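Engineer: After the sequence you'll find the predicted model.
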Amino acid sequence: MNRAQKILQAYRNTPWRRQTQMLSRLAALGLVAAVVMMVYTWMTSQAGTYGIKVQEYQATALAAQQNIEDKNAELADLTSNENLALRATQMGYQPVDPNRVRYLEVEGYYPEPTLALAPPPNAAHQAIVEETGLPEEYTTSLFEWLQETISRLRVRRVGGE
Amino acid sequence: MTELSSQIKVRTWRIQVLMAGLLISSLLVFGWTVSFQLIPEAQEIRLRGDQMDGFVRMVKPPRGPIYDMDGYLLAGNHIVYEVGIDLPSVVTPEPIAQVLNATIGLNYEDALYYASIPPSPEAVYAQVARTVSSEEANALIEIYNEWLALYKEGKTKESLMGLVLYPRLARTYPEGDLASQVLGLVGMDDFSEYERGYHGLEERFDSELSGAVSEMFVPFNPNQAAEQPSVPPGATLILTLDRDIQAMVEDILDLAREEYKAKSANAIILDPETGAIRAMASSPRLDPNRLDDVDHYKEVYPEGVPFNRLISQTFEPGSVMKIFTMAAAVDNGDVELDTQFFDPGFFEYGGITIRNWNRQAGGKLNMIGCLQHSSNVCLAWVGTEMGAEAFYTYMDAFGFGHFTSVDLANEATGRMKEPGDSDWYPADLATNTFGQGVSVTALQVVTAAGALANEGQTMVPHVTQAMVDNGVQVPFGPTVYGNPIRPETAQAMTQALALSLENEASLALVPGYRMAGKTGTAQIPGDEGYLKNKTNASFIGWGPVDDPQFVIYVWLEEPEPTEGSDTAWGSTIAAPIFSQIAQRLVVMMKLPPDLVREQIGMSD
């Protein structure tokens, strides 16, 4: 062992150096724990914040839904038969005298169609399919796919012959 | 070395003491926590712990709206408030009671009682009013805000803390009492904490309109906040009713009931081709927005009166029944419209003597004359010529004694006794032919008359034309109820009844339009025979004769006789009401007079 090695070994074996090593390890461990806790705390706080936001949005959606219903009812009240009749009377209108009604034939006139608030069943299904743009694997049943495939093959064969 | 080992021993001893101390402390803490599980209050503590986790909220979609055929809202939802007291927050109950008394009219003593309930795990909230209008709620909020400002400035020590308001949706009917007996109403269910529909459409389509109710746990810990479950909205109903026609009929009936001091005045307008009901009106009517007004309810619905008289109240129809008897006999080939009959004024059958309404002989009549003079004797003879089997088979086919299958709750069937029933006698055949001894609903009469106006075919009457559910509009198509008579019979009867009205210069006639129809004046049976001077006056009519677009049935319950008469006749009371309704109806339906339609080739 040369002199330099002896000094190095003496340095390594000094008690204060051992304590420093232990403290360093503890500090490193503490740092890792702190980082983990920090990440956990950050994620928890974020989740909490968004959780509160979710609840706020739910409350806002509920209030909006209630307001829409309320406004619809208010509008219906303003345009109720009784209110419209009253306003018409105030404006000088009178119920029509059947004897004074004049009928005119109007070319191309069709009576008002049935009230439609939503598409009929088939059209609604078609609209959903078109809107989603899903491939046929998701929109066609296995049976339909088999039928279509067979018919396509037939067409090809007929075309080929 | 010895010094070093003694130092190590001292350290080991210290560590052992420290470890023992930690162990004992841990055991003490563990034992302390275990003791919480064993003490008598453990259950209560556990419950309180659960309550602090969150609460269960009912996710209920708004009740589906109901529209008339043109898209006018007949039933919707509006915001009302529930007022309550958060008991643990109450500081001074007296001012809370005073404010509740002043704003929502709650009895002071009751309010004070609620506000003074000592809070406990079982009593944390007291509901003091379930339905408070927006106006009342705004007054309450205004007072609360004024108090809060003073409280923050330290100018008052009285506290309104604990007073809470929760907005919620409640059913509202923007048109008031319009078609209320068709729509029904919404009230609290006796067997659950939810609202439900009663009567009419609200009851018939209750599950569809109310939608699915879902429960959701709302945690206080925001980390556990979950997505609100997706709840589909309640279905929307689109009716066949026309709001303006309904209002017009109701206005006419209100005036008629007042003029004739009738117990009720009622009418139905039906499209004979489809069975669509355009108006179903009664007077008096309930305003379903005033459900808390008990006097109003009792005034409209005294004891024993059904919610919708037109489908649930049965009565003897009287002479309107004659058109069905005659149609059956003609269709069966027992008589023809020009068959001659001599009416001597009485007819003996089954041990009883049938007499005419005026107790006079009708003389020589053909079948149209029998209908025109409303001869009981003639119709009894016609019925007996048919025989019981044929007569009751036809009446069955017309739908008497059966449900019409209308899409409304609580329909009655009425009763038509038949051979084989324990209480049927041969004499019943004779009386049934002119509408006595048989009970029907107004809807049955108008449905059966639809056969005469629609080539012999009856249609299932209905008030809903479509339902919108989950974004899809499902139409309810017309449904055939039956074919009681042949088309030729229906056409011949319609022509005969139009001629009959014209011959007698009936008050039911409508200028410019040819109508067919028949009056009915029915005595009302009581416990000891028919009631004196009390009748049901009615009229069934349809038109225009060349292409019937509507059937109207008018029925007045126990009207007072007109001046100079001791009986309230259908011909003098119900017939003019039919005419009034029809004159307004043709304009509202944009139906030109016969002559105009003939000129432009609209008529058949």
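Structural biologist: Arrived safely, thanks for sending. Numbering: from 1, shown residues only, chains lettered A, B, ... in the order given.

Engineer: Do a quick rundown of the helices in chain A.
Structural biologist: A:3-13, A:15-78, A:81-90, A:121-132, A:136-139, A:142-160 (DSSP state H).

Engineer: Let's have those in JSON lines, adding distance to chain B and mean pLDDT.
Structural biologist: C-beta: built from backbone N, CA, C; applies to glycine. Listed next are the helices of chain A as JSON lines, based on distance: least, C-beta to the nearest C-beta, whole Å; pLDDT from 0 to 100:
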{"stretch": "helix A:3-13", "distance to chain B": "15", "mean pLDDT": "80"}
{"stretch": "helix A:15-78", "distance to chain B": "3", "mean pLDDT": "89"}
{"stretch": "helix A:81-90", "distance to chain B": "4", "mean pLDDT": "95"}
{"stretch": "helix A:121-132", "distance to chain B": "4", "mean pLDDT": "63"}
{"stretch": "helix A:136-139", "distance to chain B": "17", "mean pLDDT": "71"}
{"stretch": "helix A:142-160", "distance to chain B": "21", "mean pLDDT": "75"}
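
Engineer: closest to B:Ala388 out of the ones you listed?
Structural biologist: helix A:121-132 (47.8 Å; C-beta to C-beta).

Engineer: Turn the helices of chain A into JSON lines, columns for mean neighbour count.
Structural biologist: Shown next, in JSON lines, are the helices of chain A (neighbours: other C-beta atoms under 10 Å in any protein chain shown):
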{"stretch": "helix A:3-13", "mean neighbour count": "9"}
{"stretch": "helix A:15-78", "mean neighbour count": "12"}
{"stretch": "helix A:81-90", "mean neighbour count": "13"}
{"stretch": "helix A:121-132", "mean neighbour count": "12"}
{"stretch": "helix A:136-139", "mean neighbour count": "10"}
{"stretch": "helix A:142-160", "mean neighbour count": "10"}
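
Engineer: So, low pLDDT: which residues of chain B?
Structural biologist: Applying pLDDT under 70 to chain B flags the ranges B:1-11, B:51, B:190-193, B:222-223, B:225-228, B:602-604.

Engineer: Chain A versus the residue nearest the centre of it, what's the distance?
Structural biologist: In chain B, the centroid-proximal residue (C-alpha atoms, centre = their mean) is B:Gly200; its distance is 2.1 Å. Using C-beta to the nearest C-beta, to the nearest Å, one gets 18 Å for the distance from B:Gly200 to chain A.

Engineer: Hmm, B:Phe307 and that residue touching each other?
Structural biologist: Yes - the pair B:Gly200 / B:Phe307 is scored as a contact, 7.0 Å apart, by C-beta atoms under 8 Å.

Engineer: Overlap of the contact sets of these two?
Structural biologist: Common contacts of B:Gly200 and B:Phe307, defined by C-beta atoms under 8 Å, 6 or more residues apart in numbering or on different chains, comprise B:Gln181, B:Gly184.

Engineer: Show me what secondary structure element comes after the strand or helix carrying B:Tyr151.
Structural biologist: Following DSSP states H and E, the helix or strand that holds B:Tyr151 is helix B:134-152. Toward the C-terminus, helix B:134-152 is succeeded by strand B:163-172 as the next helix or strand (DSSP H and E).

Engineer: Now the residue nearest to the centre of chain B: closest residue in space, sequence neighbours ignored.
Structural biologist: The shortest distance from B:Gly200 to any non-neighbouring residue, by C-beta to C-beta, 6 or more residues apart in numbering or on different chains, is to B:Gly184 (3.0 Å).

Engineer: who touches that neighbour in this structure?
Structural biologist: The contact partners of B:Gly184, taken as C-beta under 8 Å, 6+ apart, are B:Gly197, B:Tyr198, B:His199, B:Gly200, B:Leu201, B:Glu202, B:Glu203, B:Arg204, B:Pro288, B:Phe307, B:Ala409.

Engineer: What separation do you get for the second one and B:Arg257?
Structural biologist: With distances defined as C-beta to C-beta, to the nearest Å, the gap from B:Tyr198 to B:Arg257 amounts to 24 Å.

Engineer: buried residues in the helix holding B:Tyr151?
Structural biologist: B:Glu136, B:Ala137, B:Ala139, B:Leu140, B:Ile143, B:Tyr144, B:Trp147, B:Tyr151 (16 or more other C-beta atoms under 10 Å in any protein chain shown).

Engineer: for the fourth one, what are its contacts?
Structural biologist: I take that to be B:Leu140. Counted by C-beta under 8 Å, 6+ apart, B:Leu140 has contacts B:Val83, B:Val99, B:Leu100, B:Thr103, B:Ile104, B:Val132, B:Leu163, B:Leu165.

Engineer: top of those residues by neighbour count?
Structural biologist: B:Leu100 (26 neighbours; other C-beta atoms under 10 Å in any protein chain shown).

Engineer: gap between B:Asn356 and chain A?
Structural biologist: Taking C-beta to the nearest C-beta, one finds B:Asn356 at 36 Å from chain A.

Engineer: Is that residue in contact with B:Phe347, as I believe?
Structural biologist: No - using C-beta under 8 Å, B:Asn356 is not in contact with B:Phe347; the gap is 9.2 Å.

Engineer: Overlap in contacts, the two.
Structural biologist: Joint contacts of B:Asn356 and B:Phe347 (C-beta under 8 Å, 6+ apart) are B:Asn376, B:Val377.

Engineer: Including secondary structure and distance to B:Thr433, could the contacts of B:Leu140 go into JSON lines?
Structural biologist: Shown next, in JSON lines, are the contacts of B:Leu140 (DSSP: H, G, I helix; E, B strand; the rest coil; distance: C-beta to C-beta, whole Å):
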{"residue": "B:Val83", "secondary structure": "strand", "distance to B:Thr433": "62"}
{"residue": "B:Val99", "secondary structure": "helix", "distance to B:Thr433": "70"}
{"residue": "B:Leu100", "secondary structure": "helix", "distance to B:Thr433": "65"}
{"residue": "B:Thr103", "secondary structure": "helix", "distance to B:Thr433": "65"}
{"residue": "B:Ile104", "secondary structure": "helix", "distance to B:Thr433": "61"}
{"residue": "B:Val132", "secondary structure": "strand", "distance to B:Thr433": "58"}
{"residue": "B:Leu163", "secondary structure": "strand", "distance to B:Thr433": "70"}
{"residue": "B:Leu165", "secondary structure": "strand", "distance to B:Thr433": "65"}
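
Engineer: Out of those, which is nearest to chain A?
Structural biologist: B:Leu165 (13.0 Å; C-beta to the nearest C-beta).

Engineer: and the closest residue to the closest one other than its chain neighbours, how many neighbours?
Structural biologist: Nearest residue to B:Leu165, sequence neighbours excluded (C-beta to C-beta, 6+ apart): B:Tyr81, at 4.9 Å. A count of nearby residues for B:Tyr81, using other C-beta under 10 Å, gives 23.

Engineer: No further queries at this time; thank you.
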